[in-house]
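**Q** Got a predicted structure plus its sequence, pasted below:
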Amino acid sequence: MGAQKSIHAGKAKIDVNVDFTHKLCASMMFPSLRDTGSPLSLVIGSLCIKHPNLFGGSEKLDVSWNKGLYDSNILVAYRRPRPQWVAQQCFFIQHSLSPEIGIHGIPVDNFSRSGSGSVNLSRFSVGLDLNEPASSKWSSTTSIKFENVRLLSDDGRSITRDLDGFSVTCSGNTHDSMVVLKQESRYVKANDRSFSRFTMQIEQGIPVLPQWLIFNRFKFIATKGIKLGPAFLLTSLTGGSIVGDMAPYQAFAIGGPGSVRGYGEGAVGSGRSCLVANTELTFPLSKLLEGSVFLDCGTDLGSGRLVPGNPALRQGKPGSGVGLGYGLRFKSPLGHFQVDYAINAFQQKTLYFGITNFA
């Protein structure tokens, strides 16, 4: 239940999307753990403005704004035309605001959900992306950006400490600043029977000023998909670690729909390191309907105690967890509907509902 509209103003294109569906589904299926506070919180929408020829030389300008239930993101990107054999440049300015539930959220209902910890993350960044020319299977992106991170309470005030009195920034002030150099490499190989995908991200904090954060953070995602007759087996392994200066919000959060199903966001744990494995087998039930069984597991590798303030230990998170379950996937002209039923190691059952490619 929503509205979509595309408007052409000269050469520019404006896409507007306002959607109430996700909010209504979420409120019916899962009781809210955080006060919405305003009727506008019912609205989930996006606004996108694209200009393909800003200064007459095929320069592209993209402006996008996305609003979720409790989060928002604004991105301005400017691209200049360059020969295909050299790196493509993209200048960007971005601001995002989101609740920091993965680290500071409070697990409830046997770790199946995470409530608000009254800590919200405000990020402002400006930088440059360089997309290297792709080979047959490899592609890479290098970026450098300045980032300012500020922690806010639920009423929008800057904070330096969480509800237990522990610092929420690395500097101890109301904000952290850093210059981050990031390298991301991607490998993809596919044929009619299987596909393989590997992604590696490395981030390095550069000490331009003495008080700015110095760290090295890496993350990898390895995915393999194989056809087994009419069924399809998908496995993935995700891991990462960080060394050097660290604020709690930089920890790896484990748990949730994109991690270990059956747990709330970050309810398994949060650490300087992590390892998450996912396996899912899907099989056709009819032309439009598929069934699935899955098994997820994750661990902080004992690194939860190394996060400043040790938020995972204070909230009683186990540090490792296993979730298993089954689900249905329905493809229709209106969109792709997904329902997953998961149970965690504490025998708590959780139902997940999602809609993608909504018409």
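**A** Okay, I see it. A quick note: this is a predicted structure, and the numbers were derived from the prediction, not measured.

**Q** Now do the helices in the stretch 251-359 of the chain.
**A** Secondary structure of the stretch 251-359 of the chain, counting by DSSP state H, counting those that start in this stretch: helices at 311-314.

**Q** pLDDT weak spots in it?
**A** 357-359 (pLDDT under 70).

**Q** Quick test: name the residue nearest the centre of the protein.
**A** By CA atoms, centre = their mean, the mean C-alpha position of the chain lies nearest to Gly258, the distance being 8.3 Å.

**Q** so how far is Val243 from that one?
**A** 25 Å (CB to CB, to the nearest Å). The C-beta positions use only the backbone N, C-alpha and C, and glycine is treated the same way.

**Q** Could you check which helix or strand contains the residue nearest to Gln84 when sequence neighbours are not counted?
**A** Setting aside the residues directly before and after it, Gln84 is nearest to Pro133 in space (CB to CB, 6 or more residues apart in numbering), at 6.6 Å. Per DSSP states H and E: Pro133 is located in neither a helix nor a strand.

**Q** Can you give me every residue that contacts Pro133?
**A** Gln84, Trp85, Val86, Ala87 (CB atoms under 8 Å, 6 or more residues apart in numbering).

**Q** wait, what's in contact with the third one?
**A** Meaning Val86. Neighbouring residues of Val86 by CB under 8 Å, 6+ apart: Pro133.

**Q** ok, now the last one?
**A** For Ala87, the contact set (CB under 8 Å, 6+ apart) comprises Leu130, Asn131, Glu132, Pro133, Thr142.

**Q** In TSV, list these along with distance to Asp164 and pLDDT.
**A** Output for those, formatted as TSV (distance: CB to CB, whole Å; pLDDT from 0 to 100):
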residue	distance to Asp164	pLDDT
Leu130	42	93
Asn131	43	90
Glu132	45	86
Pro133	50	81
Thr142	39	95
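
**Q** Scan the residues you listed and report the most crowded one.
**A** Asn131 (17 neighbours; other CB atoms under 10 Å).

**Q** For that residue, which non-adjacent residue is spatially closest?
**A** Gln88 (4.5 Å).

**Q** ditto for Leu351
**A** Nearest to Leu351 is Tyr341, by CB to CB, 6+ apart, at 5.6 Å.

**Q** Who does the one you found form a beta bridge with?
**A** Beta bridges link Tyr341 to Tyr326, Leu351, judged by DSSP bridges.

**Q** what's the spacing between it and Gly240?
**A** On the measure of CB to CB, Tyr341 and Gly240 end up 29 Å apart.

**Q** more crowded one of those two?
**A** Gly240 (18 against 15).

**Q** contacting residues around the more buried one?
**A** So Gly240 contacts Arg217, Phe218, Lys219, Phe220, Phe252, Ser273, Cys274 (CB under 8 Å, 6+ apart).

**Q** Over to Gly225?
**A** Ser194, Phe195, Ser196, Phe232, Leu233, Leu234, Thr235.

**Q** which of those lies closest to Ser171?
**A** Thr235 (40.2 Å; CB to CB).

**Q** what helices or strands is the helix or strand in which Gln89 is found leaning on?
**A** Assessed by DSSP H and E, Gln89 sits inside strand 88-99. In terms of contacts (3 or more CB pairs under 8 Å, 6 or more residues apart in numbering; DSSP states H and E), strand 88-99 is packed against strand 72-79, strand 120-131.

**Q** Is it possible to get CSV of those strands that adds distance to Ser177?
**A** Listed next are these as CSV, based on distance: least, CB to CB, whole Å:
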stretch, distance to Ser177
strand 72-79, 19
strand 120-131, 10
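
**Q** tell me the pLDDT at Leu40?
**A** On pLDDT, Leu40 comes in at 57.

**Q** do Phe111 as well
**A** According to the model, Phe111 scores 89 on pLDDT.

**Q** Chain neighbours aside, what residue packs nearest to it?
**A** Nearest one to Phe111, counting by CB to CB, 6+ apart, is Ala267 at 4.2 Å.
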